[in-house]
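# Quick one: sequence plus predicted model below, questions after.
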Amino acid sequence: MDHTRRLVLIVLLAVLALLVAADFFVEHHASFWIDGTPGFAAWFSLASAALAVLVAYGWGLLMRRRGERADD
Amino acid sequence: MIASHLPVLVILIPLLGAVLAALSRHGFAAWLIALLASAAMAAASLALLFRVQAEGMISYRIGGWAPELGIEYRIDAFNVLIVVLVSVVALLTMIYARRSVLAEIIPERIAWFYTMMLLCVAGLLGIAVTGDAFNAFVFLEISSLATYTLIALGRDRRALVAAYQYLIVGTIGATLYVIGVGLIYLSTGTLNLGLIAERLAGIEGSRALIVAEAFIAVGICLKLALFPLHAWLPNAYAYAPSSAAVLLASTATKVAIYLLARFLFTVFGGHVDVGALPIGAILIVLSVAAMFIASAAAVFQNDVKRILAFSSVGQVGYITLGLALANPTGLAGGLLHLVNHALMKGAAFMAIGAIVLRAGTAKLDELSGIGRTMPWTSAALTVAGLGLIGVPGTSGFVSKYYLILGALEAGFGWLAILIVASSVIAVLYVGRIVEVVWFREPAEAARASREAPLELLLPMWVLAGATIWFGIDAEWPAGLAAAAARQLLGGAP
Amino acid sequence: MTILPLNDPALLALSLALPALATLAIAWLGRWPNLREAATLVGAVLLFAVVMMLLAHVLQGARPELKLVAVAPGLTLALKVDPLGMLFAGVASTLWIVNSLYSIGYMRGNDEPRQTIFYACFAIAITATMGLAFAGNLFTLFVFYEILSLSTYPLVTHKQSPTAMRAGRVYLLTLVGASMVLLLPAIVWTGLVAGTLDFRVGGILDGKLGAGALALLFAMFVFGAAKAAVMPLHRWLPAAMVAPTPVSALLHAVAVVKAGVFTVLKVTVSVFGIETLQTSGASEWLVYVAGFTIVAASVVALRADDLKRRLAYSTIGQLSYIVLAAALASPVAVLGAALHIAAHAVSKITLFFAAGSVYTAEHVTKVSQMDGIGRRMPWTMGAFAIGALSMIGLPPTAGFLGKWFILDAATGATNWFAVGVIVVSTVLNAAYFLPILTRAFLRPAKGPRREAPLPMVIALSATAAGTVLLFLFPGVPYRLASMIVGG
Amino acid sequence: MTETFGPLSPALVLILAGLVLPLLRGWLRDGLFLIAPVLALVLVWALPLGPGLVVDWLGLQLVPLAPDRMARIFGTAFGLAAITGALYGVSQSQVTEKAAALVYAGAAQGIAFAGDLVTLFIFWEILAIGSTLVIWSNGHWRAGLRYALIHVLGGVLLFAGIAAEISATGSVGLQAIRADNFGRWLMLAGILVNAGAPPLAAWVADAYPKASWSGTVFLSAFTTKAAVLVLIRLFPGEPALLWFGLAMAVYGLAYALLENDIRKLLSYSIVGQVGFMLVAIGIGSPLALAAAALHAFAHILYKSLLMMAAGAILRSTGETRLSALGGLARAMPLTTVALVIGAFSLSAVPLTAGFVSKSAIMAALAEGRAAFFWFALTSISAGSFLYVGLKLPWFAMFRPGERREIAEPVWSMKAAMVLLCGTILAIGCVPSALEALVPEIADVAILTPDHVLFQLQLLIAASCIFVVLLPLLRPRAGTTLDVDWLWRELPRKVVAMWAPLSAPIGGAIAAGCEPLRVYWTGFSRRAVDNLSGASNWRTGKIAFWATALLATYVLIAAL
């Protein structure tokens, strides 16, 4: 991981931390039991996004073909 | 009173004509005599028709002798039809014959030819009008002998062979017939058809009678060219002079069929019942075989005359099928087909005769495109062909329609299908002729020829026109045929 | 509302006499091509006028009758106009005008020989078509059916090449053979059972035959009318493609195949009666046969490179839609079938006109040679596109109408097999028509713009416009079609 | 009051304009191309709401013009898309495409205002024809053909379903139904084909990228959204839609993440977003339906914008593959802004239209107690930001790339993009303005602190993952296999496999039939010989037959 990327990551994590912190100070209108808890969106998103990338990557390993189709 | 002597007049006129023609020795004079005789004969037969329609059955006793001893001529709704048919066709043939004969027969024999024609007609009419079994045999022989001579007069050397073959076969047929008549005479003691019928009713289960019936049936079937006893016919028709072929094709087999019907229905009464006795069943089988095999053979011939001849064998099958069905509709269909077939086959043979006159050949592969140069003749041939197929709008359709109806009435659905299926074979051979004649580029023969003269076209188109007319308005012939069928099935002569 | 003091029987007689007279005039004027063609056109226009007058009366509820001649006891040549026949006659007489116009362009453009015979036989075929459409009983129908077969034989063999002659033989043998072996016995049987041959809405066979016998009789009618080209009696249609294009148009659109499906439909409605068929289930088997024909014909069309062959198989499929509808035997199905007769006529004639126009201008006969042809002949191929859309059944074209009601009938009968067939065949139709369009319009053109002769372009534009107009204003055909069963 | 407008519907105006367009030249043509959509939009609002006029056509009581609220929502969206699309594409030189695009837009309006099933179907098919022509006018005839065939299939399925519905109920009206019998399943299947639902979803990404730079803008707006509208009208609350929608959302996400071509990526994303709408329709409450409509509305705007940006890139660089792009931000600042705003709107970044509509959908799911779908869609939302909000702008615009001599597109394209950016942001900033159109969303929490915070966390967290897993997301040239393999490659493979087999099999069959053939030839030849020689029987043969016949009779008599 190169320097710039690491820097960007640190900044993003810091912003995320701030947002999670802010989450403790607002009134929640939970739709279901867990989504009203502070920081839910953060961890849920981290997990979902990682899962999405990994699933897609795995699918790509299986189904991705090099080159364009002849009739495209 | 001439009118009361009409039944015998129709025979005497051609006989007298024959004698005069033989004496005249001159071709044109003989033709004129034959023409006049035929015209008189036709007029007489038409008069006879009107009388029968007005008065019903006519009985005429030769010399005034009572039936048991003398000969009785009986004219009823059935045989008057045959008489009119034969005499009208004969008249048309005589009109047609002059030009055709000039081209086909060496001059010295022309008078002889007309003599034989008249003799043949006289014989045929005699078979039709007589009410006496042995007298019928005499007329049969007269017409047969004349026919052998007519065929032998053909230009082609093979005509002699054909005539000889017909002579043998005809003789066998006549012999079988006369044996049958003899057997009947032994059982019943009379030769009068009406009396035989009456006396047969009193005799039960005589095997001799069945044998007699068999002899008579087979004998006549030889003459009417029922498949497989037909093989004399194609060559005879193909090599006979054109105008003789016209006469024979239209009338000779028809008269034989008449005789068969007369015996089967009038004399032996209900014996044709399909299933009860095998004559009907065997007749059905042979008729169907004729419809298919003979028609199929026609497809593979090259000589148009021979195509038409094989077609005749096939068409005879339809007529005998009508006899074998033996119900009013089927029998009427058969009889109607008898008339219709005579008309269209006459037209067809006249057309091919005209083509032979102009193009010098009847070989199909040499007739390419003849329709361009001989349109009227070819059109007549086509109309006749359509009639043979049974295309609606031609008389052939009407008679086949009644035949199918009769088959269905008798409960033979399969037979109805066979009737129409065999018509498809007619599509094949007629189609071949039509295709060659109309849809090919003209060949040498076609280019060299021109339209036939009017005196050939006129009789040809009278017959072709009748084929169309009776296809569009069949009330009259259908009525006559239905009356004849009723007459036959009624049992009484 | 009559302009001329003509009563209905007179009009009826005229509708047969006019094309017959035209035949004579054409034969007589054979030596002067311009006069001869004028005779054709005049005959066509006059016939159209007569048919339109009849149409006006029929729409008002009149059912003109005319007894021509009693051939023999039980056999009468008689005419009787009913809405179905009126529809057929209307379509045929309208298209005769257009087809004559087109023929003039085509026959002259291609220097065809024997044009007099061509126009004369054409006129006879139209006479037969009128007689068929107005037939008052089965016998009359049969007579004109056969005349139609015979009079079109010279047209099919017009080129007189060995292929043409062979095609002619197949044509005649199949049509005449089937009609004689199956149709004629069926008619005789019907006459025997029903005691009449007259058409009557609701049928004449009600309760007179068992279900099995009904099914057999129905089969004899359907296959006997081989002009309907239900498999396996379809081979004559592609074989007849050797004929000049106007003849193909006559076969596929104006008269011949329509005569076949008309016969099937007429028999369904007026001999069996849809109620009898419904209750007995005698026509159920036909759903499957017609369905198979539809799909199989489409698959063959998909693989055909010859344009006219592809069109021919398309016709086979489309005809079986009508047969399928007849087999469904419900009022809606009959309505759909009748509309489909009109719709298919006007769109298939457009397609054939376009095919012939392409042939005349460029001598192109194969789909694979059609690259860029749409850029060179925009009118022709534009019309072709409309015809193709109609074949697929897409709005706003006439093909939608018939398909709509046939589907309505199929779903109404909850016959999912029929529904499936229509779905599959629609996709297949698109699959074999659209590539022609993509080739014609999307591939580069090989030459400059060059349309076919003007009469041809006018004719095909007119029928293409008709294809759209029939969708937008289906009033008259729809009213006729809905009167068929309702009376 | 509809009477005063007679047959003048937005659909008719656009379709007629499309038909007339090829006949015009120069500024007249451009003018009509621009004016017609505006006129259509004016009509959308000028037509008074009401039951509409009944027209009798073939015995069916048709309502070709039935303005209601839903028609107005979609009519507005379609109108805006047509106006901006026309502005964007006015410099397109292919007149066929322009004409087809107008017809296409008109057909979409027709579907929006259709008051009965038959009218609906007719416009449905015109829609298919118009869109096919748009694709074809760019010359991709194979792709267009595939597209056309799929839509013919969808159309005829719908057709069959409608026919079944009419014959079952006798009514042509549009009424809410469930897929509870075969006919209705057919109808649903037909609509779903157009919506891009599996198993036939592959057509979207196959066909849309094949259109021209301007054509794709039109394509992205109408077909799928028209299907959504029809689903709202016919199948609200249909449970099957929940699963179809979810499958589409997952499919769209996975394939978009893998895709290299911008326009193809955006096409996959259409499927994903329509999946959101389908889930909402599957919930079926008034709020859910309003949310679906609103999301369609927003989606039309931002997807048009995204496609415009992609088209601008294509027109300027001749390239749409991410792997070959990069560093365009400096040369094409306006396009970059448009792309980012569109992407953010799709990812539901607050203050964009997408945020409003997605909030509404989530609120509807919560209200409907559909917990599973709520969590699933939330998670897919986070994933969506990865490909469209991050991957797309980063690889296309911002990552360091080679310096090229390229320029911003022409003014009309820029104007169109600006117009859309403005609309999207305006809606995002003042969501209450939409309440006039969709009053149901009045109670939805949109710009509340907790909601905004929630969304921001979601986005930033996804960004973290993007940075961490960047190597896995690097675009690579290639294609991802899809269901369309079945009709694009399988037949070719089968033919290739069959080719070497066909000769031996055919030979074997021929060999097997050989004896039969030989026998038949011999038989038929003999038969022909017999028949053609039939005239030359010897006399003895006749005599034989006569005797045989006679013998038969006598024998029978003796028995």
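Ah, there it is.

# I'd say B:Val88 and B:Leu49 touch.
No. Look at B:Val88 against B:Leu49 with C-beta atoms under 8 Å: they stay out of range, at 10.2 Å. The way it works is simple: take the backbone N, C-alpha and C, and place the C-beta from them, glycine included.

# These two: which has the busier surroundings?
Neighbours of B:Val88 and B:Leu49, each counted by other C-beta atoms under 10 Å in any protein chain shown, are more numerous for B:Val88; the result is 23 against 19.

# if I pick that one, what's in contact with it?
B:42, B:45-46 (C-beta atoms under 8 Å, 6 or more residues apart in numbering or on different chains).

# Most neighbours among those residues, which one?
Using other C-beta under 10 Å as the neighbour criterion, B:Ser45 leads the contacts of B:Val88 with 28 neighbours.

# nearest spatial neighbour of that residue, skipping sequence neighbours?
Spatial nearest neighbour of B:Ser45, chain neighbours left out: B:Ser87 (4.1 Å); criterion: C-beta to C-beta, 6 or more residues apart in numbering or on different chains.

# ditto for C:Pro435
In space, C:Pro435 is closest to D:Leu145, 6.2 Å off (C-beta to C-beta, 6+ apart).

# Would you agree that neighbour is in contact with C:Phe433?
No. With contact defined as C-beta under 8 Å, D:Leu145 does not reach C:Phe433; the gap is 10.5 Å.

# same for the helix or strand hosting D:Leu28, what does it pack against?
Taking DSSP states H and E as the definition, D:Leu28 sits inside helix D:26-46. Applying 3 or more C-beta pairs under 8 Å, 6 or more residues apart in numbering or on different chains; DSSP states H and E, one finds that helix D:26-46 contacts helix D:10-20, helix D:69-89, helix D:95-113.

# Would you mark the buried spots in it?
Using 16 or more other C-beta atoms under 10 Å in any protein chain shown as the test for burial, helix D:26-46 gives D:29-30, D:32-34, D:36-37, D:39-41, D:43-44.

# What is the subsequent helix or strand relative to it?
Using DSSP H and E, the first helix or strand after helix D:26-46 is strand D:55-57.

# so how far is that next one from its chain's centroid?
Mean-position distance between strand D:55-57 and its chain equals 29 Å (C-alpha atoms, centre = their mean, to the nearest Å).

# Please identify the pairing partners of that strand and their relative orientation?
Applying DSSP bridges to the sheet, strand D:55-57 is found paired with strand D:60-62 (antiparallel).

# looking only at pLDDT, what's the mean for the strand it pairs with?
With pLDDT averaged residue by residue, strand D:60-62 scores 85.

# neighbouring contacts of it?
With C-beta under 8 Å, 6+ apart, strand D:60-62 has contacts from D:54-56, D:115-116, D:118-119, D:166, D:172.

# can you rerun that using 6 Å?
The list of residues contacting strand D:60-62 from outside it, by C-beta atoms under 6 Å, 6 or more residues apart in numbering or on different chains, reads D:54-55, D:116, D:118-119, D:172.

# So which of these is the closest to chain B?
Of all the contacts of strand D:60-62, chain B sits closest to D:Val118, with 44.7 Å by C-beta to the nearest C-beta.

# low pLDDT regions in the chain?
Since you didn't name a chain, this refers to chain A. For chain A, applying pLDDT under 70 flags the ranges A:1, A:69-72.

# let's do chain D instead
D:1-7, D:403, D:535, D:559.

# So which bits of it are right by chain A?
Residues of chain D that fall close to chain A, judged by C-beta under 6 Å from any C-beta of the partner chain: D:142, D:254, D:257-258, D:366, D:371, D:379, D:382-383, D:386, D:449-450, D:453-454, D:456-458, D:460-465, D:467, D:469, D:472, D:478-481.

# Low-confidence regions, the stretch 201-350 of chain B specifically.
Within the stretch 201-350 of chain B, the segments meeting pLDDT under 70 span B:204-206, B:270-278.

# all strands of it, in order?
Assigned by DSSP state E, counting those that start in this stretch, the strands in the stretch 201-350 of chain B number zero.

# same check, this time on chain A
A:64-65 (DSSP state E).

# helices or strands up against the lengthiest helix in it?
Longest among the helix segments of chain A by residue count, using DSSP state H, is helix A:40-63. Secondary-structure packing of helix A:40-63 (3 or more C-beta pairs under 6 Å, 6 or more residues apart in numbering or on different chains; DSSP states H and E): helix D:239-258, helix D:371-384, helix D:449-468.

# which outside residues touch whichever strand or helix holds C:Leu68?
Element membership of C:Leu68 [criterion: DSSP H and E] is strand C:65-72. Strand C:65-72 is contacted by residues B:398, B:472-474, B:478, C:9, C:12, C:76-80 when judged by C-beta under 6 Å, 6+ apart.
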